[in-house]
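Student: Coordinates for the following, if possible.
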Amino acid sequence: MLSSIVKLLNDRGALSVQEIALALEIESSALHPMLEMLVQKGRILKVELPCKTACAGGCTQSDAMTFYKPVKN
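Tutor: Numbering: from 1, shown residues only. Alright, predicted model coming up:
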């Protein structure tokens, strides 16, 4: 699965958590630990867009606001 994530990002560029989950047909809750592992290994980069809503916690848009992109070698 980890190699599928890296391949997807290499093929398509930066994608949100939501887009990756849809493309790989996996729940985003299961995807998060895999993405973090790939970030720690230096295989992908995490990019978080600033939230423009002033919610009081527990953002429901986080999967659409967090992007991952491939590391250029």
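Student: In contact with the nearest residue to Glu48 once chain neighbours are set aside: list those residues for me.
Tutor: Among residues not flanking Glu48 along the chain, Thr66 sits closest, at 5.2 Å (C-beta to C-beta, 6 or more residues apart in numbering). C-beta here means a position set from N, CA and C on the backbone, and glycine is covered the same way. Residues near Thr66 by C-beta atoms under 8 Å, 6 or more residues apart in numbering: Ser16, Val17, Lys46, Val47, Glu48, Leu49.
Student: Give me the buried subset of those.
Tutor: Ser16, Val17 (16 or more other C-beta atoms under 10 Å).
Student: Next step: the contacts of Thr66 restricted to helices.
Tutor: Val17 (DSSP state H).
Student: could the contacts of Thr66 be laid out in JSON lines, adding distance to Glu36 and pLDDT?
Tutor: Output for the contacts of Thr66, formatted as JSON lines (distance: C-beta to C-beta, whole Å; pLDDT from 0 to 100):
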{"residue": "Ser16", "distance to Glu36": "15", "pLDDT": "92"}
{"residue": "Val17", "distance to Glu36": "11", "pLDDT": "91"}
{"residue": "Lys46", "distance to Glu36": "8", "pLDDT": "93"}
{"residue": "Val47", "distance to Glu36": "14", "pLDDT": "89"}
{"residue": "Glu48", "distance to Glu36": "13", "pLDDT": "81"}
{"residue": "Leu49", "distance to Glu36": "18", "pLDDT": "73"}
